[in-house]
Structures are given as C-alpha cells and as structure tokens.
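With the input below, show me the fold.
(2 chains)
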Amino acid sequence: MIEIRGLHKSYGSLEVLKGVDLTLSKGKVLVIIGPSGSGKTTLLRCFNLLEMPDRGSLKLGENTFEFREGAKIPQKDILALRKDTGMVFQSLNLFPHMTALENVMEAQVTVQKKKKSEARKRAEVLLEKVGLADKADSYPHKLSGGQQQRVAIARAMALDPEVLLFDEPTSALDPELVGEVLKVIKQLAAEGMTMAIVTHEMKFAADVADHILLMDDGIIIEQGSPQEVLNNPKSSRAVQFLNHLNGKSDE
Amino acid sequence: MDDRQIQIIMDTFWPLLKAGVLYTIPLTLITFALGLIIAVITALIRLSSWTIPKFIAGFYVWIIRGTPLLVQLFIIFFGLPSAGIILSPYVSAVIGLSLSVGAYGSEIVRAAILSIQKGQWEAAYSLGMSRMQALRRIILPQAARVSVPPLGNSFISLVKDTSLVSIISFVEMFRKSQEYVAFYYEPLLLYSEVAVIYLLFCSVLTVLQNYVEKRLDRFSAS
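Take a look at the predicted model:
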C-alpha cells in the first residue's frame, strides 16, 4: 500500500529526515510518535507531497515517485497522489466561507468534476458517519473545535482516498473535545480504513495502532507493535522519551 | 441667502445632479470595474513566480503610485497626441482612472491574499486541487471579504477623483458646476452646492459598503 525508502529532507542546513524507511499495508493503522522536532510531521507531509523530499522513494497505491535533488516531479503526478490521500490537520483548516456540507462537497465538484447532486449525497453520508448530519448547513465558526475536526475528517474522506493522514488531529482542541474526534478515528480503524497518524495521545496510540514508529532527530529509533514499542522499548532514547511522557501524564 | 441665490440653486441643482447621475456615477462604476480587474491580475502576477511579468507589474504600480493622477491625465490627454495617439476625453478619463484604481487596488488585493492562512492553501492542495483551483475556490473568496473595507475606501475616493477629469474637458458634474460659475458669478454658492452633491453620493456609497460588508460577514466569527 505505502512504501517509503531512504527518505531525506532538509531545510537549508537543517536535516529533518535522515533516511526513513517504512511500510504500511492496506487496512492497517500506523501511528508515528516522537518528541517535537523529531521530523514526524514532516514525514507525514511527505506522504502527500505537501513537503517535497530531497532523496528517496515513495510508493502509494499506483503512485510511485523517485526523489533526487534537482529533479522536478510533474504536477499532474502530485495531484494524482493527493486524490488518493486525505489529510486532517492540527489547525483544522475548514474552509470558513463554506458550510460543513459544502466543505465536504468541494473537492468532489472541483477536483473529481462530480455533479453537485451526487457530491451532496456523498457529503451527507459522510457527515452522518462522523455524527454531524444535523450540522450540514452550519458554517465552521458555528461549530466547536471537535465538530470542525470531524467535518475535516469527512472532507478528507470525500474523494475515497486509499489512505487518511492525520497530523496531530487533537492537539489544537480543548481536552473535553478530544474524545469525540478519537472515537471517529477508532471507528474508521475498525472499518478497515488505512491510516497514518501523528499524535501525542499515547493511550489512543496504544488502542488504535497496528504499528508504531518512534522517531527522534530525523530517524526511526523504534518500531513494532504498540506492545513492543510502548512497553518494551529497546533503545535508551526511546525509554527516556516514554518516561518523560509518562512523567508528564502522572503530574 | 437672497432670493436670487435661492433661484440659482433651484435652477442648477437638478442639472448638476443629472450630470452626476449620467456622467460621474457611470464613469466611477466603469473605471472601478476595470480597475478591479487590473488590480486582481496585477496582484496575482506579483504573487507568481514569473520573473518578467512580475517586474512589469511592479514597475506599473511604482509609476502610477509615484506620480500624480492629474499629471497622468495630462500625459494621456494632452501628451499622447504628440505621439500620434489621440483619445477622446472620455476614453482618456477611463484609462487614467482605471490605471490608478488598478495600481492602488492591486496592493489591497495582494495584501488580502497574503492574509489568508497557509493552512487554507494546504487543505485545498491536500484535496488534490491545483494552484488555480485553490485560488479561485478557496483563497479569493476569503480574500475578497478581507479587501472589501479598503476597496470601499478606494471606491469612495474614486467618486471624488472623477472631478479631476473636468480638466481634460470631460463634462461631468464638476465641469458642469464650473460652467454655471462662469455664467452666474457665484463661485462660493455653486461650488458648495456641488460639494454637497458629492457628499450625498459618498454617503449613499458608505451605506452600501456597510451592507456589502455585512453580507460577506455571514461566515466569519466576529
């Protein structure tokens, strides 16, 4: 489904990804954790090329890319890849000038060139799925952060992507709103949606993940099942990070 | 005010208002519409990565903003004929005013586009939209709302700036009032009268501007 080999990315002299390899098979949930600045968000943003890697390769479904410094990737290949991925952002990013329903319809009409009536039908189904059928005609500013993020999930699924990408989907939310968003993601996992999730919610990660990556300083320092990574980390850096997190949650 | 002056006002008010409605307002609307098109195109070029068009657009804004509108009108109407380009007062007025609106407006539009959060572009891109689609469907509608108050100001300025074209013998409202002054020898009275009509127009426009802002406000939290 997704295969990444030797991915490198630098901003100027700062090397953010120092050779990352990973595989994510269909229907599985990959959770990426790690301290801030470890490169986990950059890695996720390479999945749909919001960040362009300098070197390495990416295979996602039918889309294959080889990255080399100075080589330009054709725009149409990038757009094709993005139709096969859906992304949910930390900062919500709903389109404020459109209702919840229109947010979910937008890409179907603009990108897929679907008829409005068809797009509306699918949007209604998706809003129902995230439990917001009754908010279809509300503008984003009338919705809570948790509701906005659920609309964003519906929007990300509108094009029937092969994989959903979540970039810290609950970090910008008030604590009492986190649960409703995680519930929707868990439900999608149960339905067999392929997902890659960057998160700081360790309990959620343990629950939902088939595979966990622990990143630090641009490389993967630990990976495996939640059991292996969270309970029996091998490297001292991983132990340190997990202790730090636990220490925090115990306070 | 004596009876004669009251009679002059009665005789001139309607013809002046008529000149305003028939010439000043249409000139304002046409030049604003053209200026807005120029403004959006100029702003988009200046935000693009095309080096040469970018340079030309920047040069245009620099020239128009750095020279008086009155001088520009003189060059177009009195200057260009020496180069073999003869334009009617009306066409000269439309060109001069639209170029001015376009240059100032382009900065407003550019700032409005830049004010839209990067996350909006990214959300659009993540859904498979091209740059043009993102711009047209996501960014410009939001930028339009941001630019309404400053563009409203430009529009009101423009109503008043149209009086400048009286000097290139285009008979709009102010030119008409000058003709009356020459006839009645009542400059204070007649110029005040035309000022009141401008004030009237601008007041109506301010109300209109507020209405448009409210309409566009329906999706914002504030």
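
Low-confidence regions, the chain specifically.
Reading this off chain A. A:247-251 (pLDDT under 70).

that answer is for a different chain, and I need it for chain B
Judged by pLDDT under 70, the stretches of chain B that qualify are B:218-222.

Angles on the backbone of A:Leu164, please.
phi -110, psi 130 (degrees, to the nearest 10).

how about it, what does it touch?
A:Thr85, A:Gly86, A:Met87, A:Val88, A:Ile153, A:Ala156, A:Met157, A:Leu188, A:Met193, A:Thr194, A:Met195, A:Ala196 (Cβ atoms under 8 Å, 6 or more residues apart in numbering or on different chains). Bear in mind the C-beta positions are built from the backbone N, C-alpha and C, glycine included.

Inside helices: which ones of these?
A:Ile153, A:Ala156, A:Met157, A:Leu188 (DSSP state H).

I'd like to know how many residues surround the residue lying closest to A:Met98 once chain neighbours are set aside.
Nearest residue to A:Met98, sequence neighbours excluded (Cβ to Cβ, 6 or more residues apart in numbering or on different chains): A:Glu106, at 6.4 Å. Number of residues near A:Glu106 (other Cβ atoms under 10 Å in any protein chain shown) recorded here: 23.

Please apply the same query to A:Gly6.
Counted by other Cβ under 10 Å, the residues lying close to A:Gly6 total 14.

coming back round to it: distance of the residue nearest to A:Met98 relative to A:Leu7?
30 Å (Cβ to Cβ, to the nearest Å).

Kindly report the same for A:Gln223.
15 Å.

More neighbours: which of those two?
Each of A:Gln223 and A:Leu7 has its neighbours counted (other Cβ under 10 Å); A:Leu7 has more, 24 against 17.

which ones are touching the more buried one?
A:Leu17, A:Gly19, A:Val20, A:Asp21, A:Leu43, A:Cys46, A:Pro53, A:Arg55, A:Gly56, A:Ser57, A:Leu58, A:Phe67.

Bridged to it, which residues?
Judged by DSSP bridges, the bridge partners of A:Leu7 are A:Val20.

chain center to the helix ranked longest in chain B, what's the gap?
Ranked by residue count and defined by DSSP H, the top helix of chain B is helix B:187-216. Relative to the chain's own centre, helix B:187-216 is displaced by 14 Å; criterion: Cα atoms, centre = their mean, to the nearest Å.

Against which helices or strands is it packed?
helix B:3-19, helix B:140-161, helix B:173-184 (3 or more Cβ pairs under 8 Å, 6 or more residues apart in numbering or on different chains; DSSP states H and E).

Figure out which of those is closest to chain A.
helix B:140-161 (5.0 Å; Cβ to the nearest Cβ).

buried ones in stretch B:181-195?
B:Val181, B:Tyr184, B:Glu186, B:Leu189, B:Leu190, B:Glu193, B:Val194 (16 or more other Cβ atoms under 10 Å in any protein chain shown).

can you pull the contacts of the fourth one?
Contacts for B:Leu189 were tallied using Cβ under 8 Å, 6+ apart; they are B:Met1, B:Gln5, B:Ile8, B:Ile9.

Flag every residue of the stretch 101-250 of chain A that's near chain B.
Neighbours of chain B within the stretch 101-250 of chain A, by Cβ under 8 Å from any Cβ of the partner chain: A:106-107, A:110-111, A:139-141, A:152, A:155-156, A:158-159, A:165.

most surrounded residue in these?
Most surrounded of these: other Cβ under 10 Å gives A:Arg155, at 31 neighbours.

wait, doesn't that one sit right on A:Val111?
No - A:Arg155 is beyond contact range of A:Val111, at 11.9 Å (criterion: Cβ atoms under 8 Å).

what do the two both touch?
With Cβ under 8 Å, 6+ apart, A:Arg155 and A:Val111 have common neighbours B:Leu127.

need the helices for chain A, in chain order.
Using DSSP H, helices in chain A cover A:40-47, A:75-83, A:100-110, A:116-129, A:145-157, A:175-190, A:202-208, A:226, A:236-250.

list the helices and strands the shortest one packs on?
What that stands for is helix A:226. helix A:202-208.

now the fifth one
Of the remaining helices and strands, those touching helix A:145-157 by 3+ Cβ pairs under 8 Å, 6+ apart are strand A:85-88, helix A:100-110, helix A:116-129, strand A:163-167, helix A:175-190.

for the last one, same thing?
With contacts taken as 3+ Cβ pairs under 8 Å, 6+ apart, helix A:236-250 sits against strand A:211-216, strand A:219-224.

cutoff 10 Å now
strand A:29-33, helix A:202-208, strand A:211-216, strand A:219-224 (3 or more Cβ pairs under 10 Å, 6 or more residues apart in numbering or on different chains; DSSP states H and E).

between it and strand A:29-33, how big is the angle?
90 degrees (axes from the mean of the first three to the mean of the last three Cα atoms, to 10 degrees).

residues of helix A:236-250 that come out buried?
Within helix A:236-250, judged by 16+ other Cβ under 10 Å, the buried ones are A:Arg237, A:Ala238, A:Phe241, A:Leu242.

that older thread, from the ones in helices among the contacts of A:Leu164, which two are the most distant?
Spatially, the most separated pair among those is A:Ala156 and A:Leu188, at 10.2 Å (Cβ to Cβ).

Common neighbours of those two, please.
A:Leu164, A:Phe166 (Cβ atoms under 10 Å, 6 or more residues apart in numbering or on different chains).

looking at the helices and strands packed on helix A:145-157, which is buried most?
strand A:85-88 (a mean of 27; mean count of other Cβ atoms under 10 Å in any protein chain shown).

Pull out the CA atoms of that one and give them to me as CSV.
Extracted C-alpha coordinates of strand A:85-88, given in CSV (Å, rounded to 0.1, in the frame of the first residue of the first chain):
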residue,chain,number,x,y,z
THR,A,85,-4.8,10.6,0.1
GLY,A,86,-6.9,12.6,2.5
MET,A,87,-5.3,14.8,5.2
VAL,A,88,-6.6,16.1,8.6
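
circling back to that earlier point, nearest to A:Gly12 among the ones in helices among the contacts of A:Leu164?
A:Ala156 (30.8 Å).

quick revisit: how big is the angle separating the longest helix of chain B from helix B:140-161?
Going by the same axes, to 10 degrees, helix B:187-216 makes 170 degrees with helix B:140-161.

what's the straight distance from one end of stretch A:125-136 to the other?
Using Cα to Cα, to the nearest Å, one end of stretch A:125-136 lies 11 Å from the other.

and for it, what are the contacting residues?
Against stretch A:125-136 from outside (Cβ under 10 Å, 6+ apart): A:99-105, A:120, A:123-124, A:138, A:142-144, A:147-158, A:180-181, A:183-185, A:187-188, A:191.

and that stretch, how far out from the chain's middle?
21 Å.

ditto for stretch A:121-132
Counting by Cα atoms, centre = their mean, stretch A:121-132 comes out at 20 Å from the chain centroid.

try stretch A:203-210
The answer for stretch A:203-210 is 14 Å, by Cα atoms, centre = their mean.

Stretch B:163-180: end-to-end distance?
First-to-last residue span, stretch B:163-180, Cα to Cα: 15 Å.
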